[in-house]
Each structure stands twice: as C-alpha cells, then as structure tokens.
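> Generate coordinates for the sequence data below:
(chains A and B)
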Amino acid sequence: MGKKITIFLFIATIFTLSIVTFVAKDREFSEMENRVLSGKPEFSAEKLLSGEFASNLETYLADQMFLKDNFVMLKNSYDLLCGKDMLGEVYYCDDRYIRNFEENEKQSSRNILLINEWLKKNNIPKDKASFVLAPTASYVYNEQLPSINSCDDESNTFDLIEDAFLGKFISLKDVMADADVDADIYYKTDHHWTMMGAYLGYEEVMKQLDKEPISLEDMKEVKLDELFYGSLHSQAPLLFVEGEEVVYYDYKDLDYTITYVAEDEETKTFLVEDKFDVKDKYTALFGGNFGRMTIINHDNPDGDKLIIFKDSYANSIIPYLISNYSVIEVIDLRYVVMIPGFYSDKTDYDVMFIYNTDFINTDNSFVKLMSF
Amino acid sequence: MVFSSFVFLLIFLPLVLLVYYAVPRKAKNYVLLVFSLVFYAWGEHLYVFLMIASILIAYFAGLFVHKYMVTNEVKKAKVITLISTAFYVGMLLFFKVAYRFEWLPLPIGVSFFTFQIMSYVIDVYRKDTTVQKNPFYLGAYVSLFPQLIAGPIVRYQTVAEDMEGRVETSDKFAEGINRFIVGLGKKVLLANNIGFVFNQVQAMDYADISVATAWISALAYGFQIYFDFSGYSDMAIGLGKMFGFTFLENFNYPYISKSITEFWRRWHISLSTWFRDYVYIPLGGNRCSKGRHFFNMFVVWALTGLWHGFGWNFIAWGLYYFVLLVIEKSFLLKWLEKIPKVFQHIYALFLINFGWVLFSIEDAGKLIDYIKIMFGFGGAKIVDDTAMYYLAGYGLLFVIGAIASTPIMKKVKELLVNKEYNSKLKFVVNEIIVPVSVWVVLIISIAYLAGESFNPFLYFRF
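Next up, the predicted model:
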C-alpha cells in the first residue's frame, strides 16, 4: 500500500483547501459567473437555530472556495471527456462553443404579429420597412454539432418570418452559412457574431436595399490587447480553452455623434475603449445595449434616415450602417421606456428590424412597440 | 450534514481529525460523541434531542436488562426488552407515518439509528453482547457520524470492542481514505450523473417516452440507487476506519447476482441480516412447516418494504421480492442452476431493475402507465431521438457504471499486484497508480461539488 502517499495527498488536499479558503481574502464578484459572491455568514444563535447559518456557510464555501473557477473548469472538462457534449445549454465541439437553439413558434409568431400590427398602425409602406434576420452559430456551424443534439432547425424561424413579415425580408441565413468556415464570423466563446461576420450581413443588406456598402479596406482594424472569454465560456468554462482575439473595425475618419437619449450623453465613436479590458468585451460596441440612441452622420447630411429596432447582434452591424445614413434612431425595446408618438414626426424615415433567430424566439418585449 | 458538502469536507472533517488525534485515548470517544451530535444537529437541530433521549433510554434499558439477566430475573429483563423495542418501533412508525402525511419532516437517519439501538438492547438480553456502562460511550456508538444518516446498520456487538479500546493505525487510516474517496466518487461522479437521466425522463410527459427511453431511465435509476447507497456505505466504512473502527460490509457487488436470493445476500446486507436475526429466525425461520416458513418470509418482506417508507409502492416492492423468493425457494433456483450463467444474470438483472421501477415511482397511476410503456403497450415508439440522445451522452457513463458494479477493477489490481516475480510492477501499482488515481477521484469529486450547489443523498428519505 502506498499509504504514505495516500495519507499525504488526502490530508494536504483537504487542509490546504480549507485553510486557504478561510485565510484568503474573499472575492466580492465573480467575473466568470457574473454575479456578486456571498461573504462570510453572520453568526447568531437565531440564525443557527433556523438553519440559515448552515445554508449560508455552505453557500459561502461554495462561492469562496480556493480555486473555485478552476474546479468548475475541471468538472466541465471531465463531463466532456465522459461523452457529454452539452454542458448546460451549451455545446462544445471542434474548439467552439455553440449555444443550444430552441424554437418557440408561439413567441416568434406573436413577435412578428406585433411588428406587423405596428407597421399597419402607422401606415408604414412595405418598401420602407425591412427585417434583417441573422442566424446564430447553431445554424452556421450545424455540421460541427454532435450528430445527436437537441438543437431545433433555425430555418423554420426564417420561413416563419419571411411568410409573415409585411415589409422586405432580408435573410442572412445563406450568406452566413456559405461563408468561409475558417473566417472568424462568430465568436468561439461568445454567443454573438463578430464584426467580420456582421460585415457579411451588412453587405447583403446593402445589396438588397440597392445601396453602396463601405469597404472594409476603408476602415481600420482595432485589435484588442486582451483575449476574450465570452458568455458561453462563462456558462461552461473548460480547461485548455484559450481566449480569442477580438478585432473591431472603426472608421478612419467619419464625423458622427451618438446621443444616448435617456442617459443624456454624447460620444463621437461607437467603440468604447473603457470596455476593452472588461470581461464582456462585446460591450465595447456602443458600450452595451441602451434603450435609445440617436446617431447623426455629419458627413452625409442629405442621406436617408433610418429607425432601427434591434438586439445585441445589431450592435455589430449598426457601425457600418452609420456611413450610409444621415440619421439613425436606434431602439432596443428591452431597455426603452415608452415614447408615444415617436414615429409621427419621423414618417420620412425607413424602418429596419435587426434581430437574430434566438432573440425573436425568446424575447417578449415587442409588446412595447405599441407605445411607439 | 452530508459528506458531499463543503461544510463537511472543508470544516468538519479537518477539525474532527485534528481534535481526535490530538486528544489522549481516554477522551477520544467523547470527542466523537460531541462531533457526532454537532454533525446531526447541523441539519436537524431539534431532532438531536430525540436522538439523545433515544440514547438515554437505551442506556438504562441495557443496564436494567443486564442487571436482571445477571440476577436471573429473566422475565423482568424480557419485559424491559419488549418495552424498549416497542418504544423504538413505535417511534419509527410514528415518524414514517407523520412524514408520509406531511405532518413532520423525517428525522434524518431515524430508520438506521432506531434499528441499531433496538438491536443493542435485544443483544444485551440475549447475552450476545456486553452491556455498555458508560452512557457517553453508548452515545458515541449510536450517534457515530460516519454511519449516522444512511447506514450501514452497525450493530453494537460489531463495535463493542472497538468502543473500549480500538487501535488506529496508518494502514487503517490510508485504507479508510481510499474507501471514503471511492464512495465519494460513486456518489458524486456516478450516482448524481446517471440519476440525472432518470429525473429528466420522469419529468417528461409520459406520452413522449419511447420503450427504449423507459428502459434507459429504469437502468439509470438502478445504477443511481446502487452507487448512491453503496457509495454512502463506502464513505461510512472508510471514515470508520480513519477513526479505528471496523464496520461490516453492506454491499457485495449485488448486480452480479445470478438469482434474487443471491441479490439479497449482496444488497444492503446490514438490513437483511438485521431482519434475519431479529425477525425471521425468532419467528421460526425455515425450521417449521412450509406454510409457516412462507408466512415468516412474508412478514420480513412486508417489513422490509415498510422500512423504506410508509407508502404502498414500498410495500409492493417488498412483497414483489417476497413472491420472487418464494418462487425461487420452491423450485426456480434448482431450474436456474441448470441454464447457462449468462441467462441467470439476465434473469436476475431484469427482475431487479423491474423492482426499482416499482420502488421509484410513487404514484400508482403513473407507475402503471410507465410499465405499459416499458412493455410496448399503448403505442409508444420503440426508439426515438431522446433515447439516442441519452445513449450518446450517457453511454460511456453506463459502461463505467457497469464496470464499477462488478469486481473487475479489483481483480485487475490483484492480478497486477499478486505476480510475485514482478515486484517493480507491484511497487508502481501500489505506491503510485492506486494512490494517485484515488486522489484524482477526490479532486474531480470536489470539482463536481464546486459545480453543483445542491446535493442531497437519496437514502435520506427512508
């Protein structure tokens, strides 16, 4: 019996974990889990008797445990090794995380119905309204998914929106699926597409709207110094998964201003450098999601005007659109408060809905449209 | 408190080990008593008084029974034994019924510690064990945290000598660690994971379950309950060893049985031997008329079912085994011996798994629907995507589970070590491979606990 080794490993392990967990300074926030961690539980006779102390202590230990994130990575990696390819709601296959896609026909039908109602209510002509629908990675990288998986087919959602939408439907399904597999069009660790991927979508939109797209060569690359570990990595962190490089495309010189209406703030660029070194680097685009932004392009005062209703996918495509319009009103229905009569003085604007398939199947904020 | 929690692994265990090994011999049982009561009170603070009262009653009952046996007043001793036994049976029944009808939560481990205490007083009466004159020592035995909440049912006679003067050795300590970690791994890595399949399928609409899914889920439950429960016994036996105790084995690879009779010699041994020694044999066992013999078996199996819970499904499960065992004893065992072994295994595993279906589904209507699906009635699909999905995602785990249910790994290790001519290999296996792989299991188990916050033991409910 290797009894000395056995005893040493066991004692060393539990005592080290125990002592370091208690001696080390508590972490207040876990970037990995994106939440505030619990602190040392307060002790009182009352809490002890009610059982509250016991459960608080367990939560505290689970939160503050030494090497917690590494242990969680180890667990997920072990699961993967055991043949589980779906970790929570996320698949990991061929160096890439893919979020499970679940179709919810009830929700998506309801959402498109609300959109149509709004178009009708405001008498918006068909040729002034468009719907840009982007697929998520589960469609684009479908062949990389395990052969038996519980992903629904995103095509159904494309068909549903195409059939129902009253205006012009612009599907990004094929351009994304036909893109070079090695091009970084979706993040490997995050559920969003990249600005490179969004550019393909942008080109398609421009083609469909008979407009001239700006060339990527006329823009400058902004490479972030830090590696990006995206939201899917946080959901199922794995050992040996490296962070990925993030490349944004910025204008070389375009004079435009972005007004964050509710926040009453104004900036001259969509790239927020403060967010380059936070965990969620996707928020560097416009600083995240805001209820209403007004973007005015001073270099194109006579261009068309546009209202965009959008999700976070759109944050990657809107930067390109800035150059093609004189004014863009950007509305994120999740975060906006009602703006009655919003459209009545903007009847000369075009309207564009930019969403990804997952969003249209899950989001329930479209009812707010009725107050615009 | 449960073993697979951070409070236990990172606070309780390091502390009790430190204090236990720091104090002199005389104080060790007291240390165990105090820690065990804290261990129990941690989750069940009021019921700890129930436990203390149970201990005191057993202590005085034992003393008086012993005294009257010495003075040859057998009748008085018998009366006290009967009263104390009736008290514990009544208490157990009361809590089972109260739990069933949701009046009170079940005191954790009540099924185990009442059986232990009962057997102590009866054994003193039968002169099968010595009387414990120190109430704290008796208390330490009853509340001993390694076996407190999910067994095995350790009889006082097994540890009577250990209570007075046991010897802790580094050999035992290391063995204990290995055993504890193997049990932890069974619970955390196998039982919880495989059990996930069962829980998910049970949550499905029964109309969507295919025949294959129904069987996969039933198999999953069979693995889950075995790894959960035997894992707990391993942890208990291992922890016992770390403090110098030797408990009897509770499981002996039950799924390699070739008959139901054999299965019950290998499954939850401490319970079946308890019923054998305190119910079946006193009733006359098999040394009586055939009718009486079957009646005795009926009583034992009805009680076995009831012990698991005051619910009709548990009784049905117990009586299911009564019927099977009567059939086997009457003629089937002789027939079985004549057919190839592989069929004997299939026969036993099929019936055991079917038994778990009875055991696991408490709602009678659901149970009948589920059995219909299993046997293809009612138009369920034979195979569907869900079944394939579980096979793809959990197939490997099922294979690991199957291997871990047999003594294959043990045999392989013995084979590697026993070849005397290869002492180098023996050294590598014993000194490196075994300790390091066991440690890896510990680390992955801790990783699992870090990834999950909620981790109750299945056998709590019983």
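
> what sits against A:R96?
Counting by C-beta atoms under 8 Å, 6 or more residues apart in numbering or on different chains, A:R96 makes contact with A:A137, A:Y141, A:Q144, A:Y186, A:K188. For the C-beta atoms, the positions are set from N, CA and C on the backbone; glycine is no exception.

> what about 10 Å?
Taking C-beta atoms under 10 Å, 6 or more residues apart in numbering or on different chains as the criterion, A:R96 is in contact with A:A137, A:Y141, A:Q144, A:L145, A:Y186, A:Y187, A:K188, A:T189, A:L232, A:V241, A:E244.

> State the helix or strand in which the residue of the stretch 251-400 of chain B at minimum distance from chain A lies.
The minimum distance from the stretch 251-400 of chain B to chain A, using C-beta to the nearest C-beta, falls at B:L396 (4.1 Å). Assigned by DSSP states H and E, B:L396 falls within helix B:385-404.

> again, but for A:F309
Using DSSP H and E, A:F309 maps to strand A:304-310.

> all helices for the stretch 201-350 of chain B, in order.
Per DSSP state H, counting those that start in this stretch, the stretch 201-350 of chain B carries helices over the ranges B:211-242, B:260-266, B:269-275, B:290-308, B:312-327, B:333-336, B:341-360.

> quick check, A:V351 in a helix?
No - counting by DSSP: H, G, I helix; E, B strand; the rest coil, A:V351 is not found in a helix; it is strand.

> Sketch out the low-pLDDT regions of chain B for me.
For chain B, the stretches flagged by pLDDT under 70 are B:44, B:419-422, B:453-462.

> which parts of the strand holding A:F309 are buried?
Buried positions in strand A:304-310, judged by neighbour count with 16 or more other C-beta atoms under 10 Å in any protein chain shown: A:D304, A:L306, A:I307, A:I308, A:F309, A:K310.

> tell me the mean pLDDT for whichever helix or strand comes after it?
For strand A:304-310, the following helix or strand on the C-terminal side (DSSP H and E) is helix A:314-321. Helix A:314-321 shows a mean pLDDT of 97.

> what angle do the helix or strand just after helix A:314-321 and helix A:314-321 make?
Going down the chain from helix A:314-321, the next helix or strand is strand A:325-331, by DSSP H and E. Angle of strand A:325-331 versus helix A:314-321, following axes from the mean of the first three to the mean of the last three C-alpha atoms, to 10 degrees, is 170 degrees.

> Do you know the pLDDT at A:V23?
Per-residue pLDDT puts A:V23 at 88.

> List the contacts of it.
By C-beta under 10 Å, 6+ apart, the contact set of A:V23 is A:F66.

> Quick one: neighbours of residue 358, just the number.
Let's take chain A. Counted with other C-beta atoms under 10 Å in any protein chain shown, residues neighbouring A:D358 total 25.

> Sorry, I should have been clearer: chain B.
Counted with other C-beta under 10 Å, residues neighbouring B:L358 total 21.

> Please apply the same query to A:E105.
A:E105 has 12 neighbours, counted by other C-beta under 10 Å.

> What ranges does the stretch 1-150 of chain B have for its helices?
Remark: helices assigned in the stretch 1-150 of chain B by DSSP H, counting those that start in this stretch are B:6, B:13-22, B:25-43, B:47-70, B:74-100, B:110-125, B:135-143, B:145-148.

> which stretch among these comes nearest chain A?
Chain A lies closest, by C-beta to the nearest C-beta, to one member of those: helix B:6, at 3.6 Å.

> And the chain, split by domain according to the record?
No chain was given, so I picked chain A. A:3-66, A:103-371 (automatic domain parsing).

> To clarify, I was referring to chain B.
Using automatic domain parsing, chain B is parsed into the domains B:6-166, B:173-404.

> Can you add distance to A:N324 and give those back as CSV?
Compiled in CSV, the domains of chain B are given as follows (distance: least, C-beta to C-beta, whole Å):
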stretch, distance to A:N324
domain B:6-166, 56
domain B:173-404, 45
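
> In the stretch 101-250 of chain A, which residue sits nearest chain B?
In the stretch 101-250 of chain A, the residue that lies nearest chain B is A:I148 (4.6 Å; C-beta to the nearest C-beta).

> quick revisit: and the helix holding B:L396, what does it pack against?
helix A:68-81, strand A:86-87, helix B:192-203, helix B:211-242 (3 or more C-beta pairs under 10 Å, 6 or more residues apart in numbering or on different chains; DSSP states H and E).

> related to what we said a few turns ago, quick one: closest of the helices of the stretch 1-150 of chain B to B:F275.
With respect to B:F275, and counting by C-beta to C-beta, the nearest of the helices of the stretch 1-150 of chain B is helix B:110-125 at 9.3 Å.

> Now do the strands in the stretch 151-300 of chain A.
Counting by DSSP state E, counting those that start in this stretch, one finds strands in the stretch 151-300 of chain A at the ranges A:168-171, A:219-223, A:247-251, A:256-260, A:265-267, A:292-297.

> got JSON lines for these, with distance to B:I361 and mean neighbour count too?
Shown next, in JSON lines, are the strands of the stretch 151-300 of chain A (distance: least, C-beta to C-beta, whole Å; neighbours: other C-beta atoms under 10 Å in any protein chain shown):
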{"stretch": "strand A:168-171", "distance to B:I361": "47", "mean neighbour count": "19"}
{"stretch": "strand A:219-223", "distance to B:I361": "58", "mean neighbour count": "13"}
{"stretch": "strand A:247-251", "distance to B:I361": "55", "mean neighbour count": "17"}
{"stretch": "strand A:256-260", "distance to B:I361": "57", "mean neighbour count": "18"}
{"stretch": "strand A:265-267", "distance to B:I361": "59", "mean neighbour count": "13"}
{"stretch": "strand A:292-297", "distance to B:I361": "54", "mean neighbour count": "19"}
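
> Can you lay out the ones you listed as CSV showing distance to chain B and mean pLDDT?
Below are the strands of the stretch 151-300 of chain A laid out as CSV (distance: least, C-beta to the nearest C-beta, whole Å; pLDDT from 0 to 100):
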stretch, distance to chain B, mean pLDDT
strand A:168-171, 27, 96
strand A:219-223, 34, 95
strand A:247-251, 33, 96
strand A:256-260, 38, 96
strand A:265-267, 39, 95
strand A:292-297, 39, 96
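
> quick one: A:M195 and A:Y202 touch, right?
Yes - with contact defined as C-beta atoms under 10 Å, A:M195 reaches A:Y202; the gap is 9.4 Å.

> Can you pull the residues that touch both of the two?
Common neighbours of A:M195 and A:Y202, using C-beta under 10 Å, 6+ apart, are A:L216, A:S316, A:I317, A:P319, A:Y320.

> Please produce JSON lines containing those residues, extended by neighbour count and distance to chain B.
Output for the shared contacts of A:M195 and A:Y202, formatted as JSON lines (neighbours: other C-beta atoms under 10 Å in any protein chain shown; distance: C-beta to the nearest C-beta, whole Å):
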{"residue": "A:L216", "neighbour count": "15", "distance to chain B": "41"}
{"residue": "A:S316", "neighbour count": "25", "distance to chain B": "32"}
{"residue": "A:I317", "neighbour count": "25", "distance to chain B": "35"}
{"residue": "A:P319", "neighbour count": "27", "distance to chain B": "38"}
{"residue": "A:Y320", "neighbour count": "22", "distance to chain B": "40"}
